[in-house]
Structures are given as structure tokens and as C-alpha cells.
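Chemist: Structure for this input, please:
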Amino acid sequence: MKRLIFLAIVMITVASCSSVKISSDFDRTAGFSTYKTYSYTEDALAIAINDLNRNRLFNAIDTELAAKGFTKSASNPDVLIDIKLKGEQKQTATATSSGGYGGYGYGYGYRYGWGGGFSTTTINYDTYVDGTLFIDMIDTKKNQLVWQGRGTKTIEPDASEKKREQNINYAVKQIFMKYPPKL
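Modeler: Predicted structure coming up:
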């Protein structure tokens, strides 16, 4: 289980940009136009990923929030940003048949012609992990979740450091394209 969680954590750092699946949800009663300052929750600051990837993730979020007109505030922010990561192990199976050779003969199953023949079916299993990054926005006055963005991608464990940073930036940018929500 710890391995799955670790792989999910790495998801955002090793994903290929082109296939990040993005979605969001929000509270229709929230005053999104009034939110101007933010800070991170203690849980977000303690997220269980290595320091390099944590810094990449926070830098990407800071950049996107600044582009949306937010300012980081250590005291009395309008919203808190929380981050969660989830990994789900999946498996696909692909069957391949070959052969189908037969012969002429008599006997059980044959009726004056070609027989059923022989074939071989091979089943290949592919196990992979889909990782999801959740970015939550919590209204500090109401103390409730008002917006959540999600990005999901299959983990690619051999990405370079440069690719990890590109992927994090891309995924966070795509998630924040859903903010502010269209009412």
C-alpha cells in the first residue's frame, strides 16, 4: 500500500502532459470574486513526497494562483489551499490468438473435411498506477470547501527531472484552467 501511495505521489512528476484528465467541482454559493489571498494548510505543507517534488508542486501552484490575481498571505488569508494525492493500481489484459491450423481427417468432430485445428492464445497483463492530484480551496470564513480541481494521469516512473517539472507545471496549469468556475 505504501508503494502505491508513493507511486501516486510521484504521478504528477512523471506524467506525460498530453493525457492528464482534468475535472473540477465547486460551491455555487461561494464568492469567488472576493478571494484574493491564500495560504497552505498544514496537511498540504506536510504532504508525503520528497522535497524536490514538493517544491516543484508549490512553485507551480504559487505561479498559477498569482496569475489568477492571488497573493500569498501568512496571516488571515481568504482561502486555504490543501493538496492530496491518491494512487490506484490498475491492470489491463490483452489476448492474442495465433495458429488455427487443421488437417483432413475422420473421427470425432470431423465430417469428411478439415478439422478444428490448433490455435494458441496468449494473454498479456499490464499493471500500472493511475495517480490523482487534488487541489482544494477552502473558504476560511465559512471553514468549508468551495472549489476542488483534480488531475489524473498514468504514472511513468522513468521521467527525467526536467520532464517532472514540466509535467507538474502542466498539470497544475490545466487544473487551474477550471478556476474560477463558470457559473
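
Chemist: Contacts only, for the residue nearest the centre of the chain.
Modeler: The geometric centre of the chain, computed from its C-alpha atoms, lies nearest to Thr152 (CA atoms, centre = their mean), at 2.1 Å. Neighbour list for Thr152: Val20, Lys21, Asp130, Gly131, Thr132, Leu133 [criterion: CB atoms under 8 Å, 6 or more residues apart in numbering]. Using the backbone N, CA and C atoms, a C-beta is placed for each residue, glycine as well.

Chemist: List buried residues within those.
Modeler: Taking 16 or more other CB atoms under 10 Å as the criterion, what is buried in the contacts of Thr152 is Val20, Asp130, Gly131, Thr132, Leu133.

Chemist: between these, which is closest to Phe70?
Modeler: When the buried ones among the contacts of Thr152 are compared for distance to Phe70, the smallest value, 18.6 Å, is given by Leu133; criterion: CB to CB.

Chemist: distance of that closest one from Pro181?
Modeler: In this structure, Leu133 and Pro181 are separated by 18 Å, where distance is defined by CB to CB, to the nearest Å.

Chemist: How about the secondary structure of the closest residue in space to Asp130 that isn't next to it in sequence?
Modeler: Leaving out its chain neighbours, the residue that sits closest to Asp130 by CB to CB, 6 or more residues apart in numbering is Glu88, at 5.1 Å. Three states are possible here, and by DSSP: H, G, I helix; E, B strand; the rest coil the one that applies to Glu88 is strand.

Chemist: And for Glu88, the neighbour number?
Modeler: By the measure other CB atoms under 10 Å, the count of residues near Glu88 is 13.

Chemist: same check, this time on the one 3 residues further on
Modeler: Burial of Gln91, expressed as a neighbour count using other CB under 10 Å, amounts to 8.

Chemist: ok, then the element right after the least confident helix or strand in the chain by mean pLDDT?
Modeler: Taking mean pLDDT, DSSP states H and E as the measure, helix 2-14 is the helix or strand of the chain with the lowest mean score, a mean of 46. Secondary structure here is assigned by DSSP states H and E; on that basis, the next helix or strand after helix 2-14 toward the C-terminus is strand 21-26.
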